[in-house]
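Q: coordinates only, sequence not included:
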């Protein structure tokens, strides 16, 4: 399977002169976590939401009428210049290995010095799901979720204050906080939910019950990993609480799935001749 089979061609880009807060708002509006940085039609860098959060902070005011908290800092000051790229003809596993070794979440796809797309972690997840669907991946490589999920869960309660949820998300470097009441899952809060609440003018003293997502997509620990991949892709989410009889028993994130996807997509070694 080549990069051309799974790359995303609907590019959302930013300028090196853009403000970090504006780029972060663009990411939230377009539902992306990485932006190629383009100047005069040429790829000059890549920026991730993690990079921007380190600059803007985890409690940015995203309302348009609020002042930028970053002063004179521009994207060119914090982007990854001269990014690693792949071509459409490279294999998916080549891209996956580069992303893993360099600990990056995306690779711009360049052909004849032109940016033609981007390949992200979600694209690798789609390749895995499609392989399972089409029977190209053995059933033994599509194990049950309980073998992959994270059992040590960082959760909060409906009474947790917005400022406390932000601090916890920041300190633990996690994107999702399940909300539980006596171990029963009642909602979930993502880093984007926190930013949206703050951008809408919510005060730090409000409880997460006021803005948490209550229509939570969940999975059973005995469902297949491909089912989790399908749910993540269809709902455009990167975390699935694992629930048994309404009680939270674990969480499965996109990060948890990536190593498994990469190993599964790896092309088999050629057999030695007898």
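A: It's in. Just so you know, these numbers come straight off a predicted model, no measurement behind them.

Q: is the spatially closest residue to residue 23 that is not a sequence neighbour in a bridge, and if so with what?
A: Leaving aside its sequence neighbours, residue 23 sits nearest to residue 14 (CB to CB, 6 or more residues apart in numbering; 4.9 Å). Placement of C-beta: from N, CA and C, glycine included. Here residue 14 sits in beta bridges with residue 37, as judged by DSSP bridges.

Q: Now for residue 14: which residues touch it?
A: Contact partners of residue 14, counting by CB atoms under 8 Å, 6 or more residues apart in numbering, are 22, 23, 26, 35, 36, 37, 38, 47, 75.

Q: where along the protein do the strands fall?
A: 34-39, 42-48, 80-81, 106-111, 114-120, 176-181, 184-190, 239-244, 247-253 (DSSP state E).

Q: As a markdown table, those strands with mean neighbour count would be great.
A: Below are the strands of the chain laid out as a markdown table (neighbours: other CB atoms under 10 Å):
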| stretch | mean neighbour count |
| --- | --- |
| strand 34-39 | 22 |
| strand 42-48 | 19 |
| strand 80-81 | 12 |
| strand 106-111 | 22 |
| strand 114-120 | 19 |
| strand 176-181 | 22 |
| strand 184-190 | 20 |
| strand 239-244 | 22 |
| strand 247-253 | 20 |
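
Q: Tabulate the ones you listed in TSV, adding columns for mean pLDDT and distance to residue 228.
A: Converted to TSV, the strands of the chain look like this (pLDDT from 0 to 100; distance: least, CB to CB, whole Å):
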stretch	mean pLDDT	distance to residue 228
strand 34-39	93	22
strand 42-48	92	23
strand 80-81	91	30
strand 106-111	91	21
strand 114-120	90	17
strand 176-181	95	14
strand 184-190	95	15
strand 239-244	95	6
strand 247-253	94	5
